[in-house]
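*Asks:* Make a model of this:
(chains A and B)
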Protein chains: 2
Amino acid sequence: MTDGFTLANLPYGSFRAGPGQPPKLCVRLGDDAVTLGALSERLPGIAPALLDAPNLDRLLRVDSVVWSELRAALQDALSGGAPREACFPVSQGVACLPFTIRDYVDFYSSLEHATNLGRMFRPDSDPLLPNWRHLPVGYHGRSSTVVVSGTPVRRPTGQRPGSEGPTCGPSRRLDIELELGFVTGSSPNPLGEPIPVDQADRRIFGFVLVNDWSARDIQAWEYQPLGPFLGKSFATSISPWVVPLAALEPGRVAGPRQDPEPLEYLRAPEPRAFDVELEIALTVNGQSEAHPIAHTNARELYWSASQQLAHASSNGAIVSPGDLYASGTISGSQPGTQGSLIELTWNGERPLELGGVARTFLEDGDTVTISGWSPGTAAGDRVSLGIVSGQIVG
Amino acid sequence: MTDGFTLANLPYGSFRAGPGQPPKLCVRLGDDAVTLGALSERLPGIAPALLDAPNLDRLLRVDSVVWSELRAALQDALSGGAPREACFPVSQGVACLPFTIRDYVDFYSSLEHATNLGRMFRPDSDPLLPNWRHLPVGYHGRSSTVVVSGTPVRRPTGQRPGSEGPTCGPSRRLDIELELGFVTGSSPNPLGEPIPVDQADRRIFGFVLVNDWSARDIQAWEYQPLGPFLGKSFATSISPWVVPLAALEPGRVAGPRQDPEPLEYLRAPEPRAFDVELEIALTVNGQSEAHPIAHTNARELYWSASQQLAHASSNGAIVSPGDLYASGTISGSQPGTQGSLIELTWNGERPLELGGVARTFLEDGDTVTISGWSPGTAAGDRVSLGIVSGQIVG
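*Replies:* As a prediction, the model looks like this:
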């Protein structure tokens, strides 16, 4: 996981240099976290308060022009390597949330995922609901339970459906959702003023990996008619390094064809998608080996980040610095390209065999690790999104 | 609206003394806002930083014991009236959001409201879905578009269903939702640790009136399968004065009987409900008279605030200082006791006649004002929740 963190990437995170140390805004270069506050003298055009900060919150509030200036200044200042006194090994650091999450929106933008769930739960009708191809379906999730990679995930208790009425107990169908998320910044649009789709990218600071843990039994019982609530709100894990939009630009690709053509406010300039390879590995309780269980790519997402953001603000809603927007589960059409266990095991009917152990849903002690990287345009340009990992505790 | 603001109430708000002045944490006494920062010397046991603050954010972070101490100290310090230098007339002040909204959850806790919508939209089946009597159905709303009373509400644009596919344009079915909300505070429960229902009240700081504006056409098209999104997220208005839970205690009453008996984690100590009278008045564009269109009471809510909070944290989700939890639309069983236009006009079929003008849904220029008060236990004890008001702009 140490390659893909060159000057072409330079993702931002909030790390403690060690236990008990205060969190500091850093960029990652190779295996090191580089504390931005220690680089002030090398970055004369940048306001010191943006650098000597605990996390990204301040930087998210300034204009995207400053983001570009800082990135260029950092690439210049670090071109000969980072000064030793500004660095500590990432492996010794303690990751914190890279920014304070304001609103959290989760979309449902993978055609294959929506189709798979439709086939499973409504086998006798069109797997896609009538609105799906017209708008990026989404809903608000819980901001306060977004946690950074490495945070243990407690198996949630809740109401589970039963033949003699619901019972309360630990979820028996705890699942993964592999997603790509982005964080917004810059001055908020005034209330009542949508963000045009061709300007949406200016509001996107960067991307993180997301595991939107889901308790399928709790969700199935509660979600009618107002959508998911406690089946999702117990925890959402994100990767500690926010990869700037600029670092993913070399991996920009055309998105899938949209039919019917979206309404005008959703017609995004192409190329609108990003080539991001994604992998899920599962280490089952008591084993040491991580088994890859899925490999997919974000480029096939039907709705792009720019379309998601234009849609989310189309009613005039404010998009704030620190909002997190997640793609929804990313699934491909081939076997082994699905981003959730409910799809990979077809609603639990086809268990995975992992080192002699069968798995349908997650057991206590299991660890899920999602990794992601953009291949870039040429050999050696790989841009890593790092990992988001979490272990289930009972 | 000036009665009901005695020492028995003492609600908290954030007001500017005039345009351009900084926001200050205040309590309301009669027609005056009393700046807490100016009372420090009269409140010797209270940390000055809690008082000399722009809003409630700091106070929400301290333990409920401090809330009680401050309330007692204020009632003592203001028993002979507020010092003149600490006061300004509320009518000259500018209301700000009383606290920074962290997570916003909207419930669906009125049996009559859920039944009415079920009858309208699923006429051939049981109006209540199977889960409704087992748990307080709820979902997350958008925090960043919660606005304070008086903020104009822009009619949202969005996708509206049509016989030849959706079109994008201004909502044609803009509605009201009359709700009662509460704000939480004190130290957050650790991630993974639910709040027991008999301890939920300790986390409730106080109550506000809520108008959860709803674009029924946008909502109807978008909401399957993940719930309301843009049909709600354009604006949610709250009243500027947060009435402490303690001020509503004299109006505590038994809640409606629950059948079936809820699961153990939802068995709230009685009396669990609050006697809060609520009224909606509508001033149609071009008129000056406010027409009362609905009168109802929060005491009939099937699920109480304590049950809502126990449920929202039952999966271990963190309840943070500054979370807003709204009841869902409050409707009674009698004509004229419904908290939304879609119910009052029965899906637009029975327009209201208001001073010679017909209304089904809201028109540009219309102003909606919700008021609320607790009758208290004896004459003269009325505790006002003030008003939440907003005008629709095109």
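*Asks:* average pLDDT across the helix or strand hosting A:Val34?
*Replies:* Using DSSP states H and E, A:Val34 falls within strand A:32-35. Strand A:32-35 carries an average pLDDT of 98.
*Asks:* And that strand, what does it pack against?
*Replies:* Packed against strand A:32-35 by the contact rule (3 or more CB pairs under 8 Å, 6 or more residues apart in numbering or on different chains; DSSP states H and E) you find strand A:24-29, strand A:87-89. For glycine as for every other residue, the C-beta is placed from the backbone atoms N, C-alpha and C.
*Asks:* residue of the stretch 151-300 of chain A with the smallest distance to chain B?
*Replies:* Going by CB to the nearest CB, chain B is nearest to A:Gly227 of the stretch 151-300 of chain A, at 2.1 Å.
*Asks:* Give me the pLDDT for A:Phe107.
*Replies:* 98.
*Asks:* returning to that earlier point: mind checking which of the helices and strands packed on strand A:32-35 is nearest chain B?
*Replies:* strand A:24-29 (22.0 Å).
*Asks:* Could you list every helix and strand in contact with the closest one?
*Replies:* strand A:12-16, strand A:32-35.
*Asks:* close enough to count as contact, A:Pro19 and A:Gly93?
*Replies:* No - counting by CB atoms under 8 Å, A:Pro19 does not reach A:Gly93; the two are 9.7 Å apart.
*Asks:* the more surrounded of those two?
*Replies:* For A:Pro19 versus A:Gly93, neighbours defined as other CB atoms under 10 Å in any protein chain shown are more numerous around A:Gly93 (23 against 8).
*Asks:* Setting aside sequence neighbours, what's the nearest residue to the more buried one?
*Replies:* A:Phe15 (4.0 Å; CB to CB, 6 or more residues apart in numbering or on different chains).
*Asks:* residues in contact with A:Met120?
*Replies:* By CB atoms under 8 Å, 6 or more residues apart in numbering or on different chains, the contact list for A:Met120 reads A:342, A:346-347.
*Asks:* 10 Å - rerun?
*Replies:* A:127, A:342-343, A:346-347, A:349 (CB atoms under 10 Å, 6 or more residues apart in numbering or on different chains).
*Asks:* what does the strand holding A:Val34 contact?
*Replies:* A:2, A:5, A:10, A:13-17, A:24-28, A:51-52, A:74, A:77-78, A:81-93, A:95, A:240-241.
*Asks:* hmm, back to that, can I get the helices and strands packed on strand A:32-35 in CSV with mean pLDDT?
*Replies:* Converted to CSV, the helices and strands packed on strand A:32-35 look like this (pLDDT from 0 to 100):
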stretch, mean pLDDT
strand A:24-29, 98
strand A:87-89, 98
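*Asks:* Only C-alpha atoms, please: export the helix or strand encompassing A:Leu248 in CSV.
*Replies:* Assigned by DSSP H and E, A:Leu248 falls within helix A:245-248. Written as CSV, here are the backbone C-alpha positions of helix A:245-248 (Å, rounded to 0.1, in the frame of the first residue of the first chain):
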residue,chain,number,x,y,z
LEU,A,245,-9.8,15.9,-7.3
ALA,A,246,-6.8,17.2,-9.2
ALA,A,247,-4.9,13.9,-8.5
LEU,A,248,-7.6,11.9,-10.1
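*Asks:* list the helices and strands that helix packs on?
*Replies:* helix A:64-77, strand A:178-184, strand A:204-211, strand A:383-393 (3 or more CB pairs under 10 Å, 6 or more residues apart in numbering or on different chains; DSSP states H and E).
*Asks:* again, 8 Å this time
*Replies:* Using 3+ CB pairs under 8 Å, 6+ apart, helix A:245-248 sits against helix A:64-77, strand A:204-211.
*Asks:* can you list contacts of it?
*Replies:* With CB under 8 Å, 6+ apart as the test, helix A:245-248 has contacts from A:8-11, A:67-68, A:71, A:182, A:201, A:204-207, A:274, A:276, A:374, A:383.
*Asks:* A:Leu29 bridge partners, please.
*Replies:* Here A:Leu29 sits in beta bridges with A:Asp32, going by DSSP bridges.
*Asks:* dump the residue contacts of it.
*Replies:* A:5-7, A:10, A:78, A:81-82, A:87.
*Asks:* What about the residues you listed, which are in helices?
*Replies:* Among these, no member falls in helices (DSSP state H).
*Asks:* and which of those residues is nearest to A:Trp303?
*Replies:* Set against A:Trp303, the nearest of the contacts of A:Leu29 by CB to CB is A:Leu10 (27.7 Å).
*Asks:* right, and the closest one touches A:Val27 too?
*Replies:* Yes - using CB under 8 Å, A:Leu10 is in contact with A:Val27, at 4.8 Å.
*Asks:* Of those two, which one has the most company?
*Replies:* Set side by side, A:Leu10 and A:Val27 show more neighbours around A:Val27, with 26 against 22, by other CB under 10 Å.
*Asks:* now the helices for chain A?
*Replies:* A:48-51, A:57-60, A:64-77, A:111-121, A:216-222, A:245-248, A:305-312, A:341-344.
*Asks:* Show me what the longest one packs onto, helices and strands only.
*Replies:* Just to be clear, that refers to helix A:64-77. helix A:57-60, helix A:245-248.
*Asks:* Over to the first one?
*Replies:* Taking 3+ CB pairs under 8 Å, 6+ apart as the contact definition, the neighbouring helices and strands of helix A:48-51 are helix A:57-60.
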